[in-house]
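# Please find the sequence and the predicted model below.
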Amino acid sequence: MSYPKIYLSSPHMGGNERKYIDEAFEQNWIAPLGPNVNGFEQDLKNYLFPGHFSSRMEKEYERNPSFRRGQGEVGEVAALSSGTAALHLALILCGVERGDEVLCQSLTFAASANPIVYLGATPVFVDSEEDTLNISPEFLEEAIKDRIQKGKKPKAIIAVHLYGMPYKVEEIHAIAEKYEIPVIEDSAEALGSSYKGRKCGTFGEFSILSFNGNKIITTSGGGALVSKDPKMKERAIFLATQARDAAPHYQHSEIGYNYRMSNICAGIGRGQMEVLDAHVAKRREMNKLYLELFSTVKEVTVLNEPENTYFCNHWLTVIKAEDGGTFKTNDLRLFLEEVNIESRPLWKPMHLQPVFKNAPFYGNGVAEAAFKNGLCLPSGSNLGEEERSRISSAILKFLQ
């Protein structure tokens, strides 16, 4: 018997997306500007910066003033064509130019690193730590010291909330502040996640979001740049609309890009924002399911929050097998494939990618081991009881 395919993470509409799209058609706003673009930016701003601190956050700020760095109560959001475009603009706004170096988490999707090369700069890759699989504070500082000693102080740090799991915010930002290097927070996978009550996407000098079809919410394709400075948002939008000067004719004094989000895509985003928290809750339910399924398998760890100060959206649930053990995640992947259930290895670390083979790397193999022994399991918010039952039955059969 052939079953319908269960995907790793497929788009999940909430119902009101068509309303915003239909309004765009009725008003003829079929362009990279319009009410939906403005509304989507405001929706994101309201979500990320609700305008008040929790009592726990206030106490944290009193205890550790450096935690405030890059975290104002208010931020600005620019809706763009992709998360990659947002990262490209963030690097430009950080002053990255040809010949510069940028520190980047190695265990991530290629889009975190590619924009560095767009600008003629060199990525310097940093290994992960075990708790969250995100950028290692230890090797980050080692890399900074070594690059400075070599006469190349990095211009920026790209830190990723991998699979929605917040990175070690306080430790990473304390290092960044110590050496006066801006952090670009890659929250492409982390909308809905938080650390100590503060939303991911609000920690960096600049932060980026992605709304690709497989993300927590989608605009089919799209992204956003988050900044604390309204002037930086204005600058980003200027660059994203071909850097057209203020003139009655088309005049350009610098190179720009076609990076603005369309009003149609933004309409999808407005509808998706209405169901964002519900989508996060469903993915967290899937993570609980996997925690139960693997609870008796000693060789397998389900990636979860290391402390209660972390809140992960569990965009994708990740399992890790012991290195050298009898449980092989690739065997599980192939088994699930036979019953039409998609799973996928973790991101192949950037320092192992052929295109980046000559880039510097600092670490001790955590990212490489995670790639070798890790697997992403189906985590979509649209998985119903039938799909969950199929997944559970398949995994239990494999374990037997």
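Looks like it came in fine.

# Tell me where the stretch 151-300 of the chain has helices.
Taking DSSP state H, counting those that start in this stretch as the test, the helices found in the stretch 151-300 of the chain are 169-179, 230-240, 263-273, 276-293.

# now the angle between helix 276-293 and the third one, please.
Helix 263-273 and helix 276-293 meet at an angle of 60 degrees, taking axes from the mean of the first three to the mean of the last three C-alpha atoms, to 10 degrees as the criterion.

# Report the distance from helix 263-273 to the chain centre.
Centre-to-centre, helix 263-273 and its host chain are 19 Å apart (C-alpha atoms, centre = their mean, to the nearest Å).

# Can you tell me the centre-most residue of this structure?
The centre of the chain sits closest to residue 188, judged by C-alpha atoms, centre = their mean, with a distance of 2.4 Å.

# Now it. Nearest residue, chain neighbours left out?
Among residues not flanking residue 188 along the chain, residue 210 sits closest, at 3.6 Å (C-beta to C-beta, 6 or more residues apart in numbering). Glycine gets a C-beta too; all of them are placed from N, C-alpha and C.

# Any idea what the one you found is bridged to?
On the basis of DSSP bridges, residue 210 is bridged to residue 223.

# That one: how many residues sit nearby?
Residue 210 has 29 neighbours, counted by other C-beta atoms under 10 Å.

# Could you double-check that it sits in contact with residue 82?
Yes. Under the criterion of C-beta atoms under 8 Å, residue 210 makes contact with residue 82 at 7.0 Å.

# Now do the shared contacts for the two.
222, 223 (C-beta atoms under 8 Å, 6 or more residues apart in numbering).

# Out of the helices of the stretch 151-300 of the chain, indicate the one that is most buried.
For the helices of the stretch 151-300 of the chain, the largest average neighbour count (mean count of other C-beta atoms under 10 Å) is found in helix 263-273, namely a mean of 25.

# now what about that helix, what contacts it?
So helix 263-273 is in contact with 13-21, 23-24, 29-37, 39-40, 43-44, 47, 79, 211, 217-222, 261, going by C-beta under 8 Å, 6+ apart.

# Surely residue 335 forms part of a helix?
Yes. Judged by DSSP: H, G, I helix; E, B strand; the rest coil, residue 335 forms part of a helix.

# What helix or strand is the closest residue to it other than its chain neighbours located in?
If the residues on either side of it in the chain are set aside, residue 335 comes closest to residue 398, at 4.8 Å by C-beta to C-beta, 6+ apart. Take DSSP states H and E as the rule and residue 398 turns out to sit in helix 385-399.

# Once you drop chain neighbours, what's closest to residue 167?
Closest to residue 167 by C-beta to C-beta, 6+ apart is residue 134, at 3.6 Å.

# That neighbour contacts residue 164, correct?
No. Under the criterion of C-beta under 8 Å, residue 134 is not in contact with residue 164, lying 10.8 Å apart.

# quick one, which of those two is more surrounded?
Neighbour totals were compared for residue 134 and residue 164, and residue 164 leads with 29 against 25 (other C-beta under 10 Å).

# ok, now which ones touch the more buried one?
Residue 164 makes contacts with 189, 190, 192, 193, 200, 216, 283, 312, 313, 314, 315, 316, as judged by C-beta under 8 Å, 6+ apart.

# check contacts around residue 108.
So residue 108 contacts 160, 162, 186, 347, 350 (C-beta under 8 Å, 6+ apart).

# again, only this time at 6 Å
Residues near residue 108 by C-beta atoms under 6 Å, 6 or more residues apart in numbering: 160, 347.

# Am I right that it is in a helix?
No. Secondary structure assignment (three-state DSSP) places residue 108 in coil, not in a helix.

# what comes up buried for the helix or strand harbouring residue 46?
With elements taken from DSSP H and E, the one containing residue 46 is helix 35-48. Buried residues in helix 35-48, counted by 16 or more other C-beta atoms under 10 Å: 35, 36, 37, 39, 40, 41, 43, 44, 45, 47, 48.

# Show me the strands in the stretch 51-200 of the chain, by range?
Per DSSP state E, counting those that start in this stretch, the stretch 51-200 of the chain carries strands over the ranges 76-80, 101-105, 122-126, 156-160, 183-186, 194-195, 198-199.

# Go ahead and confirm residue 152 touches residue 101.
Yes. The criterion here is C-beta atoms under 6 Å, and residue 152 meets it with residue 101 at 5.0 Å.

# average model confidence for stretch 380-391?
The average pLDDT within stretch 380-391 is 98.

# what's the answer for stretch 31-49, then?
For stretch 31-49, mean pLDDT rounds to 96.

# my guess is residue 303 contacts residue 316, does it?
No. The criterion here is C-beta under 6 Å, and residue 303 misses it with residue 316 at 9.2 Å.

# got the contact list for residue 257?
Contact analysis of residue 257 by C-beta under 6 Å, 6+ apart lists 239, 240.

# let's see it at 10 Å
Neighbouring residues of residue 257 by C-beta atoms under 10 Å, 6 or more residues apart in numbering: 80, 81, 85, 88, 89, 92, 118, 239, 240, 241, 242, 243.

# repeat for residue 15
The contact partners of residue 15, taken as C-beta under 10 Å, 6+ apart, are 271, 274, 275.
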